[in-house]
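[1] Based on what follows, work out the 3D shape:
(2 chains)
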Amino acid sequence: MNSINGKDLLAIGYQQSKILGLALEVIGKYYQEAEYETVLALMKDLLEKPEAFLDHEILEDLATKMIEEAKEIDETIFLNNTAKEFAVYGSAHIAEGALTQMRTAMRLPVTVGGALMPDAHQGYGLPIGGVLATKNGVIPYGVGVDIGCRMALSIFDITEEDFFHTPDTYKRELIAHTRFGAGHGYHGKDRTEHAVLDRNEFNMTPFIKTLKDKAWSQLGTSGGGNHFVEWGIIEFAADDQPLNIPKGKYLALLSHSGSRGMGATIAGYYTRLAKELCKLPKEAANLAYLDMNTQAGQEYWLAMNLAGDYASACHDVIHNKLAKAIGGKLLAKVENHHNFAWKESWNGEEVIVHRKGATPAGKGVMGIIPGSMTAPGFLVRGKGEEMAINSASHGAGRQMSRTSAIQHITQQEMQAILQANGVTLIGAGLDEAPMAYKDINVVMEAQKDLVDIVAKFSPKVVRMADDGSTED
DNA sequence: ATGTAC
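    So this is what the prediction gives:
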């Protein structure tokens, strides 16, 4: 009667895995009466050459599982044991979850650098507010679901006085020319034409082709969540030469939205493909990447860029409609995306820089960092800080989860803060209340080495998606 | 963030 146990199997080379348990089970069931040495030799043969046991009446099943497991292990891409160093800005206000996620990202074999912005919080795969530079690999979840999500700012030659003279006109036009809510689009003659719809990439693959019609329908819409379109007053404390805008206050239109259903579908499709092609250990599974030298990597890159240009077109449509409606002369327009991947030079090498909720802030690059529906947003100019991989935050960042905000903030508090700041709000739930966000001034202070403030934008008429915006 | 369904 043999007495083979787990230790014996480990000693002849078995690994601590489900195979070990199955092997012991088989031994107990079929080889209870056999000689210890004979069984051990048999198990050793099986381990060395499972393919020779595929017709074995007892060990067939175990042999099959061993071959499967070997293949899984063979395909697994291992993380480096130590995480590369990364700069953290405003660490006092960043939760541990975001740091943990960033450390995992810094262990990927393709990672060359990273940084965490002061509005960082836990996300899916790479944290929101995370910047990751890789070599030849693009991570769909390093870009995020809302590919190409961006800010767009139009500054008009309309004075603060002009605006306050007829605020209701601006409110009416904002309602007339924007559309919010998940799934919502324009239909029939309400659809807008745009050159982005004629892009060749829409014919690239059968999959991409299926996205075109909905993309057309949703062109010029804003979606839900933290997206908004708002009128506000922008104040330049000094003349700005590059923008050619004299010191003073102007009416401005600020919008925040992305690539709608199209980008979300692309993100889902290529994340799934990346996970099939790039098997990472469980803690890094959502950081699956596509090799830029493969068909899949190239396809994602083109689809991501198409989604980015589509997001830009959405802002274009909104700004064009509203500019026409109010009849003001455009003094300047600034736009930046903050969920995207770029080919950039960093630390002397060509890398893929993923910014997932981070504003590009290369030297002289203009960007917009919003505060909240009542707190100011800032027009900024990047300082090109290498440690931050030429990036800055994409907003104030949440300090309360959506659920917590809905539970703890009252309608009265919301009304009071809107009134105190002279803000008219259309739509939005308590989850977007100003108190749910960090203090933007603290966030700006934490990134003063990353960007210079060019102008301050104060929201006045804000539109967001209604609570429960999935209804028609 | 999206808008459908491991």
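[2] Spell out whether the helix ranked longest in chain A and DNA strand B are in contact.
    Using DSSP state H to define each element, chain A has its longest helix at helix A:295-326. No: taking CB under 7 Å from any atom of the strand as the criterion, helix A:295-326 and DNA strand B are apart, separated by no less than 9.3 Å. Every C-beta, even on glycine, is put in place using the N, C-alpha and C of the backbone.
[3] Just the buried residues of that helix, please?
    Neighbour counts using 16 or more other CB atoms under 10 Å place A:296-297, A:299-323, A:326 of helix A:295-326 among the buried residues.
[4] can you check stretch A:384-401 too?
    Neighbour-count burial for stretch A:384-401 flags A:385, A:388-400 (criterion: 16+ other CB under 10 Å).
[5] Kindly report the same for stretch A:353-371.
    Result for stretch A:353-371 [16+ other CB under 10 Å]: buried residues A:353-362, A:365-371.
[6] related to what we said a few turns ago, so which of the buried residues of stretch A:384-401 are in strands?
    A:391, A:392, A:393 (DSSP state E).
[7] can I get those in TSV with distance to DNA strand B and pLDDT?
    Shown next, in TSV, are those (distance: CB to the nearest atom of the strand, whole Å; pLDDT from 0 to 100):
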residue	distance to DNA strand B	pLDDT
A:391	19	98
A:392	18	98
A:393	15	98
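[8] now those residues in CSV, with distance to residue A:211?
    CSV is the format used below for these (distance: CB to CB, whole Å):
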residue, distance to residue A:211
A:391, 29
A:392, 31
A:393, 30
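[9] quick check, nearest of the residues you listed to residue A:335?
    residue A:392 (15.3 Å; CB to CB).
[10] Please report how far residue A:342 lies from residue A:302.
    14 Å (CB to CB, to the nearest Å).
[11] Would you list the phi and psi of the spatially most central residue of chain A?
    By CA atoms, centre = their mean, chain A has its centre lying nearest to residue A:144, at 2.7 Å. The phi and psi torsions at residue A:144 (degrees, to the nearest 10) take the values phi 100, psi 170.
[12] which residues touch it?
    For residue A:144, the contact set (CB atoms under 8 Å, 6 or more residues apart in numbering) comprises A:123, A:124, A:126, A:128, A:267, A:339, A:356, A:357.
[13] and which of these is nearest residue A:440?
    Nearest member of those to residue A:440, counting by CB to CB, is residue A:357, at 14.8 Å.
[14] check contacts around the closest one.
    A:117, A:119-120, A:123, A:128-130, A:144, A:338-339, A:393-395.
[15] and the nearest residue to it once chain neighbours are set aside, what is it in contact with?
    Nearest residue to residue A:357 in three dimensions, chain neighbours excluded: residue A:128, at 3.8 Å (CB to CB, 6 or more residues apart in numbering). Contacts for residue A:128 (CB under 8 Å, 6+ apart) come out as A:98, A:119, A:120, A:121, A:122, A:144, A:356, A:357, A:397.
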